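A.B. asks: For reference, the sequence and a predicted model appear below.
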Amino acid sequence: MAANLLRSERAVRMSVFVVRAFVGMREQLAANAGILRRLAEVDKTLLEHDQALKVIWADLQPLLAPPPEPPRRRIGFHGAGKV
């Protein structure tokens with residue numbers, strides 16, 4: 001707008017500078033929107049994997065526990081029948 005009113009070389013350069021600044025801002029916003037969209041996808045995937053890993057961990061817990069001790073055999077003579 002200043003270039004139209006003032007009609008000077010400097011006003012034209014400033015007008016071009018302002019337009020380029022806005023174009024740069026628009027490009028950065030578009031890039032940020034793409035990055036934010038990708039981050040949202042990654043976050044969703046991580047949440048799904050987190051739930052799957054919790055299920056796997058819960059299923060593995062019994063397998064990771066030490067085995068129960070086997071019953072001990074009684075030593076000595078035990079009558080053949082009860083009286």
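C.D. replies: Now that the structure is in, tell me what you want to look at. Just so it is clear, the model here is predicted, and its values are computed rather than measured. Numbers count the residues shown, from 1 in each chain.
A.B. asks: Can you tell me the element residue 10 falls in?
C.D. replies: With secondary structure defined by DSSP states H and E, residue 10 is part of helix 9-64.
A.B. asks: Determine the set of other helices and strands touching that helix.
C.D. replies: For helix 9-64, the elements it packs on are helix 2-6, judged by 3 or more Cβ pairs under 8 Å, 6 or more residues apart in numbering; DSSP states H and E. For glycine as for every other residue, the C-beta is placed from the backbone atoms N, C-alpha and C.
A.B. asks: what about the most centrally placed residue in the chain, distance to residue 50?
C.D. replies: The structure's the chain has its C-alpha centroid closest to residue 43; by Cα atoms, centre = their mean the separation is 3.5 Å. Taking Cβ to Cβ, to the nearest Å as the measure, residue 43 falls 10 Å from residue 50.
A.B. asks: Kindly report the same for residue 44.
C.D. replies: With Cβ to Cβ as the criterion, residue 44 and residue 50 are 11 Å apart.
A.B. asks: Give me the secondary structure label for residue 78.
C.D. replies: Of the three states, residue 78 takes coil under DSSP: H, G, I helix; E, B strand; the rest coil.
A.B. asks: And the pLDDT at it?
C.D. replies: Per-residue confidence for residue 78 comes out at a pLDDT of 72.
A.B. asks: count of residues packed around it?
C.D. replies: Look at residue 78: counted by other Cβ atoms under 10 Å, it has 7 neighbours.
A.B. asks: same check, this time on residue 69
C.D. replies: The tally of other residues near residue 69 (other Cβ under 10 Å) stands at 6.
A.B. asks: Does it lie in a helix or a strand, and which?
C.D. replies: Applying DSSP H and E, one finds residue 69 in no helix or strand.
A.B. asks: Could you check how far it is from residue 62?
C.D. replies: In terms of Cβ to Cβ, residue 69 sits 16 Å off from residue 62.
A.B. asks: Please apply the same query to residue 25.
C.D. replies: 57 Å.
A.B. asks: Settle it for me: which of these two has more neighbours?
C.D. replies: residue 25 (10 against 7).
A.B. asks: In terms of pLDDT, where does that one sit?
C.D. replies: 92.
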